[in-house]
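Student: coords please:
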Amino acid sequence: MRLPAPIRSALLALAAVLLASTVARAALPEGVTETSYVLSSGERVLELAIDVPANAHDVWGAWATSAGYQSWAAPVAHVDFRVGGAIETSYNPKAVVGAKTNIRNLILAIVPERAFVIRNLQAPGKTPFDAPTFQKTQTAVVLTPLDEQRTRVTLINSGYAAGALWDGVYDFFRTGNAWSLTSLRDRFAKGPTDWSKAQVPGGDVR
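Tutor: A predicted model of the protein is given here:
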């Protein structure tokens, strides 16, 4: 059966996008898996995951508390974990909570110990990506218990349209989210992050 020309064209365009993404983008760190995809609308979804050697309750605490977040995600963190609350961080160890140069993510939804959704409200003044473009996306963090001491953590960053600005944001957070996942895994496999030695993608902007 021969498909109608418009459908064939759409499938070929989608295949080209997926092929270009596969060829052009760098390999991810060991242990990070990618299941990114494109919706029929053309919207791109960046989806990465990693298996963490800890139970879901402990992994949730690493996201949902200030001390937990500081142990792997950023040296300065203030977490107000509720719908309408925010996760505020900085990669500058001398930063103070409330500074306009901090990163601030609004919490949009929570399923306790299973998932939550955030959207960026504030980014540092200088970033290697277009911050207003990134702020049009949202990120879901999903925890899937694998057994009593293993949890799969999936970051689903959705809302990507076409264009150079979108491509720049997508590529930055493909690398950045992979770094976050490996940092979270290593926090449980090796211990809390030593921020005096940590190499953060993009300097201190994430």
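
Student: need the strands for this protein, in chain order.
Tutor: Applying DSSP state E to the chain gives strands spanning 33-34, 37-38, 44-52, 76-79, 86-90, 103-111, 115-122, 138-147, 150-160.

Student: quick one: pLDDT of the most centrally placed residue in the chain?
Tutor: The centroid of the chain falls nearest to Asn177 when counting by CA atoms, centre = their mean (4.0 Å). Looking at Asn177, its pLDDT stands at 97.

Student: contact partners for it?
Tutor: Contacts for Asn177 (CB atoms under 8 Å, 6 or more residues apart in numbering) come out as 46, 48, 155, 157. All C-beta atoms are positioned from the backbone trio N, CA, C, and that covers glycine.

Student: tell me the spacing between it and Ala189.
Tutor: Asn177 sits 18 Å away from Ala189, going by CB to CB, to the nearest Å.

Student: ok, Gly176 next?
Tutor: Note on Gly176: its distance to Ala189, by CB to CB, is 20 Å.

Student: please apply the same query to Leu48.
Tutor: 18 Å.

Student: between those two, who's got more neighbours?
Tutor: Just comparing Leu48 and Ala189: by other CB atoms under 10 Å the higher neighbour count belongs to Leu48, 22 against 12.

Student: quick check, the more buried one in contact with Leu155.
Tutor: Yes. Using CB atoms under 8 Å, Leu48 makes contact with Leu155 at a distance of 5.3 Å.

Student: which residues do these two both contact?
Tutor: Contacts common to Leu48 and Leu155, judged by CB under 8 Å, 6+ apart, are 177, 181.

Student: can you get me a residue count around Ala161?
Tutor: 15.

Student: for Ile110, that is, sorry about that
Tutor: Ile110, neighbours per other CB under 10 Å, totals 17.

Student: where does this protein dip in pLDDT?
Tutor: Applying pLDDT under 70 to the chain flags the ranges 1-24, 201-206.

Student: helices of that one, residue ranges please.
Tutor: Ranges of helices within the chain are 5-24, 56-64, 66-70, 131-134, 164-189, based on DSSP state H.

Student: neighbours around Arg119, how many?
Tutor: Neighbours around Arg119, by other CB under 10 Å: 15.

Student: one more: Gln122?
Tutor: Neighbourhood size, Gln122 [other CB under 10 Å]: 16.

Student: what do you get for Thr137?
Tutor: 21.

Student: that one contacts Arg119, doesn't it?
Tutor: Yes. With contacts defined as CB under 8 Å, Thr137 counts as touching Arg119 at a distance of 7.4 Å.

Student: from Ala198, how far out is Val96?
Tutor: Taking CB to CB, one finds Val96 at 20 Å from Ala198.
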